[in-house]
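Undergrad: Give the three-dimensional model of this entry:
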Amino acid sequence: MACEAPALDPVFLQLGPLSIYWYGLIIASGAFLGLWIATMEADRLGVKKDYIVDLVVFAIPIAILSARAYYVIFEWDRYVGEPWWKVFAIWEGGIAIHGALIGSVLTAVVFTRVKNLSFWQIADIAAPSIILGQAIGRWGNFMNQEAHGGPISEATYQNFHQYLPDFIMDQMCIEGTMYHPTFLYESVWNIAGFILLLILRKYPLRRGEMFLTYVTWYSFGRYFIEGMRTDSLYIVGDLRTAQFISILLIVFAVITMIYRRKTGLADRTYQGKKITQDKKK
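TA: Numbers count the residues shown, from 1 in each chain. Purely as a prediction, here's the structure:
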């Protein structure tokens with residue numbers, strides 16, 4: 001569908017030579033909100049909030065580096081011949097959430113072992129914050145006009161997209177063509193996942209199942225939304241990396257949940273009670 005609309009300015013604030021981009025500001029906002037929610041949940045469950053803060057101090061920079069490294073590895077041809085600093089130009093966009101998750105999980109595994117904590121306990125506390133942060137972070141993609149889908153037909157626009165706010169569809173007008181706002185689809189999916197996890201807190205889940213539910217929910221939605229995008233990373237041929245990883249994560253989460261229940265590793269949940277900190281569980 002042909003269109004005509006000016007793009008929003010990706011720069012939030014210009015301070016002399018220093019540019020503060022909406023992309024970074026939005027991602028940082030999601031991270032700080034997620035941290036606040038996680039500390040409140042930790043306090044409710046009798047876990048020291050300092051543990052969560054300390055973990056985030058290590059996890060955020062590592063997650064950013066791993067997210068960027070993941071993206072650059074699969075898009076290496078884009079950076080060949082470019083100035084070396086382009087590899088680190090995160091403000092221009094180009095980070096992969098799966099890379100961030102890998103870095104964050106590895107950091108949490110090491111951190112919990114060093115602190116003699118339960119990885120699954122900390123992961124359960126963090127799960128709602130992670131998916132909410134992802135929902136907010138997608139709006140950084142919106143400001144950069146990235147993570148969008150293919151062109152929208154006139155019929156599709158009339159049947160659905162005309163009801164979306166003008167500022168969203170105007171920003172999806174890129175070089176005279178209207179595109180699917182897949183960033184919005186994923187953001188809404190993640191918000192629904194956040195609400196689901198809040199509801200599940202009232203039920204007797206076992207340790208680790210909150211986090212594994214998050215992994216399953218996010219991966220399921222990401223698989224289908226990724227199929228609509230035009231800027232996917234590819235692992236080989238036409239196989240989209242995010243879809244392949246999503247399938248692996250769903251299989252891993254389901255098998256792990258079943259295994260932990262059958263072996264007794266997942267003890268009864270701690271809803272409304274303080275948890276003992278046992279790194280073996």
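
Undergrad: My read is that Lys49 contacts Ile37, right?
TA: No - in this structure Lys49 lies outside contact range of Ile37 using CB atoms under 8 Å: 11.6 Å. Heads up, the C-betas are built off the backbone N, CA and C, glycines and all.

Undergrad: out of the two, which sits in the more crowded spot?
TA: Legend: neighbour count by other CB atoms under 10 Å for Lys49 and Ile37, higher for Ile37 (20 against 14).

Undergrad: which residues does the more buried one contact?
TA: 128-129, 132 (CB atoms under 8 Å, 6 or more residues apart in numbering).

Undergrad: Past the host helix or strand of it, which element shows up next along the chain?
TA: For Ile37, the host element (DSSP states H and E) is helix 22-44. Counting by DSSP H and E, the next helix or strand C-terminal to helix 22-44 is helix 49-74.

Undergrad: And the helices in the stretch 101-250 of the chain?
TA: 119-143, 154-159, 166-171, 182-200, 209-226, 241-263 (DSSP state H, counting those that start in this stretch).

Undergrad: pLDDT averaged over the fourth one - what is it?
TA: Averaged across helix 182-200, the pLDDT comes to 97.

Undergrad: Next: the fifth one.
TA: For helix 209-226, the mean pLDDT works out to 97.

Undergrad: and it, which residues are buried?
TA: 209-223, 225-226 (16 or more other CB atoms under 10 Å).

Undergrad: For the chain, which residue occupies the most central location?
TA: By CA atoms, centre = their mean, the chain has its centre lying nearest to Gln134, at 3.5 Å.

Undergrad: before we move on, the earlier item: kindly compare burial across the helices of the stretch 101-250 of the chain and name the winner.
TA: With neighbours defined as mean count of other CB atoms under 10 Å, these peak in mean count at helix 119-143, which reaches a mean of 24.

Undergrad: Output the contacting helices and strands for that one.
TA: Packing partners of helix 119-143 (3 or more CB pairs under 8 Å, 6 or more residues apart in numbering; DSSP states H and E): helix 22-44, helix 49-74, helix 97-114, helix 166-171, helix 182-200, helix 209-226.

Undergrad: need the ones you listed in CSV with distance to Tyr259, can you?
TA: CSV is the format used below for the helices and strands packed on helix 119-143 (distance: least, CB to CB, whole Å):
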stretch, distance to Tyr259
helix 22-44, 25
helix 49-74, 25
helix 97-114, 18
helix 166-171, 42
helix 182-200, 20
helix 209-226, 11
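
Undergrad: tell me the contacts of Gly103?
TA: 59, 62-63, 65-67.

Undergrad: of these, closest to Ser29?
TA: Ala63 (15.6 Å; CB to CB).

Undergrad: from what I can see that closest one touches Ser104, true?
TA: Yes - assessed by CB under 8 Å, Ala63 is found in contact with Ser104 at 4.6 Å.

Undergrad: pLDDT below threshold where in the stretch 1-150 of the chain?
TA: 91-93 (pLDDT under 70).

Undergrad: If anything else comes up later, I'll come back, but that's it for now.
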